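>>> This is the structure alone, sequence omitted:
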């Protein structure tokens, strides 16, 4: 039997509403590590956006950018970039519609427009600043994820005709733009394959719409008590909320603690 691995989403799973790590969560993750169980992060954030969390929790393995970039113990094991020509056309249409974008790779992010209120509000919600502007940042480099900023009813004005991308809303004013087929589940599959772990020994915790494929495809998917309803319906178990020792209780239910 291969050693288990547990993947944790960040926002709403590791971090509470105040973007703090509950004491019980930190202690539970350290206990997993003491028991020689693999611990990894699976997040929509880019690596530079959660380095402090990795350091605080002593976690060196992660699936980031909603599955498009993964590292195990400091080694890059998976990369899946957006199609460059289609991204150029997408950018041109966004500019014509005055919809701002933020481009992300594994090292940094840049915005297409400066001081846009939708960018400010969405990024503030995850304790991030408005990115610097570099409208041609996507040219000549791998871009693993784009954030588009508009209200939900306006989104199809931009996305119609770009079916090779996948869109996941994470804020009233923003959606993630991913390569088609890109998901946390795909990134996890690449890491599990790299490690030679049976999927039945893979556990994952999440709370959002970008966790649907992950929770459905791992051996044991656990939804937080504060999770969206579609995720709760897919999960093997619904634990308590992040504020109520959800990770600790979920790990106990799974028999890992």
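Everything's here; your move. Given the structure is predicted, the values throughout are model-derived calculations rather than measurements. Numbers count the residues shown, from 1 in each chain.
>>> drop to CA atoms for contacts and neighbour counts, all remaining ones
Fine.
>>> So what does the spatially most central residue of the chain look like in phi/psi?
The centroid of the chain falls nearest to residue 44 when counting by CA atoms, centre = their mean (1.9 Å). Here is the backbone geometry of residue 44 (degrees, to the nearest 10): phi -80, psi -10.
>>> contacting residues around it?
Neighbouring residues of residue 44 by CA atoms under 8 Å, 6 or more residues apart in numbering: 64-67, 184, 210.
>>> at 10 Å what do you get?
By CA atoms under 10 Å, 6 or more residues apart in numbering, the residues touching residue 44 are 9-11, 63-68, 145, 170, 176, 183-184, 210-211.
>>> Also residue 159?
Applying CA under 10 Å, 6+ apart to residue 159 gives the contacts 90, 93-94, 148, 165-167, 177.
>>> Using neighbour counts, trim the contacts of residue 44 to the buried set.
Listed as buried from these are 9-11, 63-68, 145, 176, 183-184, 210-211; burial here means 16 or more other CA atoms under 10 Å.
>>> Of the residues you listed, just say which sits nearest to residue 54.
Among the buried ones among the contacts of residue 44, residue 10 lies closest to residue 54 (CA to CA), at 10.4 Å.
>>> What confidence value was assigned to that closest one?
Here the pLDDT value assigned to residue 10 is 97.
>>> And residue 2, by the same measure?
For residue 2, the predicted pLDDT is 75.
>>> My read is that it contacts residue 198, right?
Yes - the pair residue 2 and residue 198 qualifies as a contact (CA atoms under 10 Å) at a distance of 6.7 Å.
>>> If you count surrounding residues, which of those two has more?
More crowded of residue 2 and residue 198, by other CA atoms under 10 Å: residue 198, with 16 against 12.
>>> Name all residues that make contact with the more buried one.
1-5, 192, 218-219.
>>> Scan these and report the most crowded one.
Neighbour max across those (other CA under 10 Å) = residue 218, 23 neighbours.
>>> give me phi/psi at that one?
phi -80, psi 170.
>>> how far away is it from residue 186?
Residue 218 sits 10 Å away from residue 186, going by CA to CA, to the nearest Å.
>>> need the helices for the stretch 1-150 of the chain, in chain order.
Counting by DSSP state H, counting those that start in this stretch, the stretch 1-150 of the chain has helices at residues 23-34, 51-57, 84-96, 117-124.
>>> and of those, who's closest to residue 254?
Distance to residue 254, taken as CA to CA, is lowest for helix 23-34 among those, at 12.1 Å.
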